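A.B. asks: Sharing a model that was predicted from the sequence below.
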Amino acid sequence: MLADVKVSAIQMVSGEDPEQNLARAEYWVTEAASQGAQIIALPEYFPMLNRDERAKFALAEHFGSGMMQDRLAQLAQKLGIWLVAGSLPLKGKQADKVTNTSLVFDPSGAVAARYDKIHLFDFQKGDECYQESASIEAGQQPVCFDTPWARVGLGICYDLRFPELFRGLDDVDLLVIPAAFTVPTGRSHWELLLRARAVENQCYLMAPAQGGQHDSGRVTWGHSMIVDPWGEILGQQDLGEGIVTGTLSKQRFDEVRRQLPAWLHRRL
């Protein structure tokens, strides 16, 4: 890490109205910026969680062009922040699929990074069923970007279960992993996986999540949190909308890596 920085994870309970969701996202990002956060992240699918899986096709924009991307760019520029825009659907190469994409906007409003979710979530338990592979085009490349304070690596939700993705980023100071975890998987694995990814990579981790009862009937786990390189939870929001803010400390980062230099001990 180059310097201390204040960061914020936004927790939302997105509904089926994209305009309303985008307005709520703008509100919470503005609130976080007013608290001094300089890197702010939204949750997965913050513009819409809909009972109709095909609804995301109507919402999807071409990369670099569209109302959602314009408003996010303007928001980052207006507030002078680095904005990790959770994830939103973009048009894919295949007509019958979209990408689940995290866009990062720098303080000028320019796109600093684009990450397409690599690992697609297929889950079946009783009546609860998800099959992302049916409508999502998987990404191919790990992505990270540099800010004045820290090198940041990106993942989205189900990616959390694949530690090799984050090892592939090489050396990062902060991982940002927007999510919309289910309740069964969240209850059992969310905190465990977040803290493990932070500890094994000896870096900070910020996980903005969807958290609550949605219009679609879906319930998400929430528990957005910020974790330090030792696996300590610096802040957490259980359910409902809100902000988790914390300061990433260069001193703490350096201390962990100096006392237990596991990062230097790798052999494979």
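C.D. replies: Happy to help now that I have it. Keep in mind that what you see is a predicted model, and the values were worked out from it rather than measured.
A.B. asks: for the lengthiest helix in the chain, the distance to its chain's centre please.
C.D. replies: The single longest helix within the chain, with elements called by DSSP state H, is helix 18-34. Centroid separation for helix 18-34 versus its chain: 15 Å, with Cα atoms, centre = their mean, to the nearest Å.
A.B. asks: what about Q236, helix or strand, and which?
C.D. replies: strand 233-237 (DSSP states H and E).
A.B. asks: what mean pLDDT does the following helix or strand past that strand have?
C.D. replies: For strand 233-237, the succeeding helix or strand toward the C-terminus, using DSSP H and E, is strand 242-248. For strand 242-248, the mean pLDDT works out to 98.
A.B. asks: Pull the distance from strand 242-248 to the chain's centre.
C.D. replies: 14 Å.
A.B. asks: mind listing what's buried in it?
C.D. replies: 242-246, 248 (16 or more other Cβ atoms under 10 Å). Bear in mind the C-beta positions are built from the backbone N, C-alpha and C, glycine included.
A.B. asks: Equivalent analysis for stretch 86-94, please.
C.D. replies: Result for stretch 86-94 [16+ other Cβ under 10 Å]: buried residues 86-92.
A.B. asks: ok, so of those residues, who is nearest L234?
C.D. replies: For the buried residues of stretch 86-94, the closest approach to L234 (Cβ to Cβ) belongs to G86, at 19.9 Å.
A.B. asks: The closest one touches I40, doesn't it?
C.D. replies: No - at 10.3 Å, G86 does not count as touching I40 under the criterion of Cβ atoms under 8 Å.
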